[in-house]
Each structure stands twice: as C-alpha cells, then as structure tokens.
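[1] Structure for this input, please:
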Amino acid sequence: MVIKKAEVKKILCGKLKDKGYRSQEIKWAFKQRYPFEMMYKDDLDLTQEWIEIVLDSLCFVIDFQMDVHLVGTDFYRGHAYFWACKYKYDLRETTPNIRRKIHQEFLDNKLELEGETEKHDKIVNKHFASKEHRAKMEQVYGKGAVANYTQEVA
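    Okay, the predicted model is just below:
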C-alpha cells in the first residue's frame, strides 16, 4: 500500500498517543533527524513491519531523551547512559530493568554513577550474573561466559 508522507506521520502520531506519549514529546521526536530520513520521500510502500520499526525508533528517542534528565534520581527509567566506560558494552545491551537496578544500588550505596571501584564491580557483577541479564546477552551475542569485573589482587 503506497501512502503519502503526511498520512504516515498521522498514523505514527496516533500510535504514539495510544502508547501514552504526550503531544509535546511526539512533536520533539519528529524534529529529530533519525529515524525519519526514510520518510522524506514523496510516497512510501507502507507495511506493518515498517511502521513497527519506525514506531520502536520513535519510542526509543522519546524515552532516552526524557530519561537523560532523570539520571541520578530515584525516577531513572533505565534508558539513558550513566555508567563508566568499563561497563559500557554489557550495560548498553542489557535490559532497562537491570540498568535501573544497578543505578539504584549505586545511589543507595552513595557511589558515583560513573565510578569504577570494587564496590561498583561487585554490584555490576551481581546483576550481570542474573538470569534476566544472561538471557538478554545470549539473545544479543549467543551463549558465553558471565562478565566479571571484580579486580583480582595478586
């Protein structure tokens, strides 16, 4: 089904409103360049799969931007980055729930969010050994060893 660009925007806006996003958030998301470069052609061959891909991208853009302001608070939702480079590969790929739990434990223990101390390592290791994290890592990378960041002192 070929559809005009303006109609696509209406469809996506409607779906975002159905998901609970506010008009201001939706307008902001449509001003972002990604993922809308593909929408700037005159006509589009619209498929349900295409709508879902763009909708997921829009949701991520909105959730990430809203969450940036919540880093360091109890209201952090698990989308924005807060961690040290040392943990970035695993934390980037894990679930928002695991990121929320690690973030909250760092706050509860009065640790710097971007720190790399032994306390940080122990908290991160505990959550990386969880079934939830292991399932996500296997989905993304395949089966492998559990990440272990604890510093061994010789």
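
[2] Next SSE downstream of the helix or strand of the chain with the lowest mean pLDDT?
    Across the helices and strands of the chain, mean pLDDT, DSSP states H and E gives its lowest value to strand 43-45, namely a mean of 58. Sequence order places helix 48-68 as the next helix or strand after strand 43-45, per DSSP states H and E.

[3] How far away from the center of its chain is that next one?
    Mean-position distance between helix 48-68 and its chain equals 10 Å (CA atoms, centre = their mean, to the nearest Å).

[4] for the residue nearest in space to the middle of the chain, what are its contacts?
    What sits nearest the mean C-alpha location of the chain, by CA atoms, centre = their mean, is H79, with 3.8 Å. By CB atoms under 8 Å, 6 or more residues apart in numbering, the residues touching H79 are F60, D63, F64, M66, D67, P96, R99. Placement of C-beta: from N, CA and C, glycine included.

[5] Can you check the pLDDT for the closest residue to it other than its chain neighbours?
    Spatial nearest neighbour of H79, excluding adjacent residues (CB to CB, 6 or more residues apart in numbering): D67 at 4.0 Å. pLDDT recorded at D67 is 94.

[6] re earlier: min pLDDT across the contacts of H79, which one?
    Sorting the contacts of H79 by pLDDT puts F60 at the bottom of the list (87).

[7] contacting residues around that residue?
    H79.

[8] hmm, back to that, scan the contacts of H79 and report the most crowded one.
    Ranked by neighbour count (other CB atoms under 10 Å), the contacts of H79 have R99 at the top, with 23 neighbours.

[9] Correct me if wrong: it contacts R92.
    No - with contact defined as CB atoms under 8 Å, R99 does not reach R92; the gap is 9.1 Å.

[10] one step back: distance of the residue nearest to the centre of the chain from R22?
    Separation of H79 from R22 (CB to CB, to the nearest Å) stands at 17 Å.

[11] so where is this structure shaky, pLDDT-wise?
    1-5, 33-46, 144-147, 150-154 (pLDDT under 70).

[12] quick check: domain ranges of it?
    Domain segmentation of the chain under automatic domain parsing yields 2-68, 71-154.

[13] Distance from the chain centre to the shortest one, please.
    Just to be clear, that refers to domain 2-68. From the chain centre to the centre of domain 2-68 is a distance of 17 Å (CA atoms, centre = their mean).

[14] Tell me where this protein has strands.
    Taking DSSP state E, the strands of the chain run over residues 2-4, 43-45.
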